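Trainee: can you look at this prediction? I've put the sequence above it.
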Amino acid sequence: MPQITYTNFEGARRTVEATPGDSVMETAVRNGVPGIIGECGGSLSCATCHVFVDESQLSDLPAMDGMEDEMLWGAAEDRRDNSRLCCQIRITPEMELRVTTPQTQV
């Protein structure tokens, strides 16, 4: 079963079992993971699901498209090289992803 480990900005971790095909954002919201709002419901119009992906795992993910790249410039916390919108990351059957949430999403 795929697993996503969410770490908040203070270092507290929570690992959640995920369903393949769902997004990392949907999984967080469904499981009450703090730090991920997902205000637009995954329609790529709000940047309130900004996360920092573990740098060792970035190359395992599909590249972000231009719209996601553009939306990250409007995130509440400055983007980094490992920034992604987790509504755009689909869970695969073998995924064991680690992400960190920023201090604020709004």
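Mentor: Here it is on my side, so go on.
Trainee: so which helix or strand takes in the closest residue in space to Leu72 that isn't next to it in sequence?
Mentor: Counting by C-beta to C-beta, 6 or more residues apart in numbering, Arg79 is the residue found nearest to Leu72 once chain neighbours are left out, at 4.5 Å. Just so you know, the C-beta spots here come from the backbone N, C-alpha and C atoms, and that holds for glycine as well. Using DSSP states H and E, Arg79 maps to neither a helix nor a strand.
Trainee: what about the helices in this structure?
Mentor: Along the chain, the stretches classed as helices by DSSP state H are 24-30, 66-72.
Trainee: other SSEs contacting the last one?
Mentor: Right, the one you point to is helix 66-72. Where contact means 3 or more C-beta pairs under 8 Å, 6 or more residues apart in numbering; DSSP states H and E, helix 66-72 is packed against strand 83-85.
Trainee: for the strand it packs on, packing partners?
Mentor: Using 3+ C-beta pairs under 8 Å, 6+ apart, strand 83-85 sits against strand 50-53, helix 66-72.
Trainee: direction included, what does that strand pair against?
Mentor: Strand 83-85 has its sheet partners listed here by DSSP bridges as strand 50-53 (antiparallel).
Trainee: buried sites along stretch 13-24?
Mentor: By 16 or more other C-beta atoms under 10 Å, the buried positions in stretch 13-24 come out as Val16, Ala18, Asp22, Ser23, Val24.
Trainee: need the contact list for the fourth one.
Mentor: The neighbours of Ser23, taking C-beta atoms under 8 Å, 6 or more residues apart in numbering as the test, are Gly42, Cys86, Cys87, Gln88, Ile89, Arg90, Ile91.
Trainee: one more pass at 10 Å, please.
Mentor: Remark: with contacts taken as C-beta atoms under 10 Å, 6 or more residues apart in numbering, Ser23 is in contact with Val29, Gly38, Gly42, Cys49, Leu85, Cys86, Cys87, Gln88, Ile89, Arg90, Ile91.
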